[in-house]
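Trainee: please find the sequence and the predicted model below.
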Amino acid sequence: MLAPVARTVHRHLEVDGVRVFYRESLPDRADAPVLLLLHGFPSGSHQFRRLIDVLGSHYRLIAPDHPGFGNTQVPDGFTYSFDRLADITEGFIQTLGLDRFVMYVFDFGAPIGFRIAERHPEWIAGLVVQNGNAYEEGLSDAARGLLGLTPETPGAQDAIQDMLTLDGTRSQYEIGVTSPGLIAPEGWIIDQHFLDLPGRKDAQQALIFDYHSNVERYDHWHAWLRLHTPPTLITWGGNDPFFPEPGARAYLRDLPDAELHLFDTGHFALETHLPEIAPLIAGFLDRVWK
């Protein structure tokens, strides 16, 4: 018997002048657990399309595109910062009427998600952390070099723009992956399509220059984790060139009861290990939602 494939709707929702695009699965019961999926750089909600297909019949999966990414549309003069992206995400959650959910944080989605958690701890039923760093030891030398750039750094803009090419985008999918043939090329092709839209590379540059604001909040997020001790599932590509394995293990200092699973793959672990990760998420949602 074939496993059910989720029915998914694709919509826009307006928040403070931003037309937020999102994908939402339609599960087979109204009281299904809710999983909010926060994507990373340089991707969008499409990075979760296979996970939504697999889990969306039994759980309500919601994946927005952040401003500056995917199909979300912003007004002229929008300020790209992690605080502002968190503002829009907070408004998106409130407009949808969500008051309790498990939050999946990946890459850029982690600093956005932890800001949301600080503001509304009552919303967070649990965390799924997939290569979403919040610790100094989770920053590789390459990440420190990139994220340490400022507008005043000589050659900074050229270094960032070189990263936003098709070759640079593809490398983020393939570095650290032991079986590159498992990765469908449309992932980085779709990413690059959106990166090449007018204004999108400038948006990414602004966010990279603002990344220091996340590192400066690490201590606050650690304190939040210790205070609220949310149930946490960590699934991590251990060969991530940006956020290496020590960043996954560091969570256990503040969340000693967290469940940790390391995979022999790179940054986009769902691309290669969906069959292993999806059942872990399903089991976690069942336990947490009760």
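Mentor: Perfect, I can see it now.

Trainee: in three-state terms, label Thr235 for me.
Mentor: What DSSP: H, G, I helix; E, B strand; the rest coil gives for Thr235 is strand.

Trainee: please name the bridge partners of it.
Mentor: Beta-bridge partners of Thr235, counted by DSSP bridges, are His261.

Trainee: please list all residues in contact with the residue nearest to His66 when sequence neighbours are not counted.
Mentor: Excluding the flanking residues, the one nearest His66 by CB to CB, 6 or more residues apart in numbering is Leu85, at 5.2 Å. Every residue, glycine included, has its C-beta placed from N, CA and C. Contacts for Leu85 (CB atoms under 8 Å, 6 or more residues apart in numbering) come out as 66-68, 108, 112, 207.

Trainee: cutoff 7 Å now
Mentor: Shown in contact with Leu85 (CB atoms under 7 Å, 6 or more residues apart in numbering): 66-67, 112.

Trainee: now swap in Phe48 and tell me
Mentor: Residues in contact with Phe48 (CB under 7 Å, 6+ apart) are 37, 39, 63.

Trainee: in strands, which of those fall?
Mentor: Counting by DSSP state E, the part of those found in strands is 37, 63.

Trainee: what's the spacing between Pro230 and Ala258?
Mentor: Relative to Ala258, Pro230 is positioned 9 Å away (CB to CB, to the nearest Å).

Trainee: tell me where the protein has strands.
Mentor: Going by DSSP E, the chain shows strands at 8-15, 18-25, 34-38, 60-64, 101-105, 124-129, 232-237, 259-263.

Trainee: with mean neighbour count added, can I get the ones you listed in CSV?
Mentor: Output for the strands of the chain, formatted as CSV (neighbours: other CB atoms under 10 Å):
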stretch, mean neighbour count
strand 8-15, 13
strand 18-25, 22
strand 34-38, 25
strand 60-64, 26
strand 101-105, 25
strand 124-129, 22
strand 232-237, 24
strand 259-263, 16
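
Trainee: just the mean pLDDT for the lengthiest helix in the chain, thanks.
Mentor: For the chain, the longest helix by residue count, based on DSSP state H, is helix 269-289. Mean pLDDT, helix 269-289: 98.

Trainee: only the buried residues of it, if you could.
Mentor: Within helix 269-289, the residues that count as buried by 16 or more other CB atoms under 10 Å are 269-274, 277-278, 280-282, 284-285, 288-289.

Trainee: how about stretch 50-58?
Mentor: Under the neighbour-count criterion of 16+ other CB under 10 Å, stretch 50-58 has 51-58 buried.

Trainee: about what we covered before: any idea how far Ile52 is from the residue nearest to His66?
Mentor: 21 Å.

Trainee: give me the subset of the buried residues of stretch 50-58 that lies in helices.
Mentor: The helices, defined by DSSP H, take in 51-55 from the buried residues of stretch 50-58.

Trainee: between those, which is nearest Phe21?
Mentor: Ile52 (14.1 Å; CB to CB).

Trainee: pretty sure the closest one contacts Glu24?
Mentor: No: Ile52 lies out of contact with Glu24 (CB atoms under 7 Å); the separation is 8.5 Å.

Trainee: re the thing from before, for the longest helix of the chain, which helices and strands make contact with it?
Mentor: Judged by 3 or more CB pairs under 7 Å, 6 or more residues apart in numbering; DSSP states H and E, helix 269-289 is in contact with helix 49-55, strand 124-129, strand 232-237, strand 259-263.

Trainee: circling back to that earlier point, looking at the buried residues of helix 269-289, which is nearest Leu197?
Mentor: For the buried residues of helix 269-289, the residue nearest Leu197 by CB to CB is Glu271; the value is 22.8 Å.

Trainee: and that closest one, what does it touch?
Mentor: 173, 182-183, 187.

Trainee: related to what we said a few turns ago, name only those of the contacts of Leu85 that count as buried.
Mentor: 66-67, 112.

Trainee: just put those residues in TSV and tack on pLDDT and distance to Trp221.
Mentor: Shown next, in TSV, are these (pLDDT from 0 to 100; distance: CB to CB, whole Å):
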residue	pLDDT	distance to Trp221
His66	98	19
Pro67	98	22
Ile112	98	12
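
Trainee: restricted to helices, list the residues you listed.
Mentor: Ile112.

Trainee: start to end distance for stretch 235-244?
Mentor: End-to-end distance of stretch 235-244 (CA to CA, to the nearest Å): 12 Å.

Trainee: hmm, who's touching it?
Mentor: 130-131, 133, 138, 140, 142-143, 175-176, 245, 248, 261-267, 269, 277, 280.
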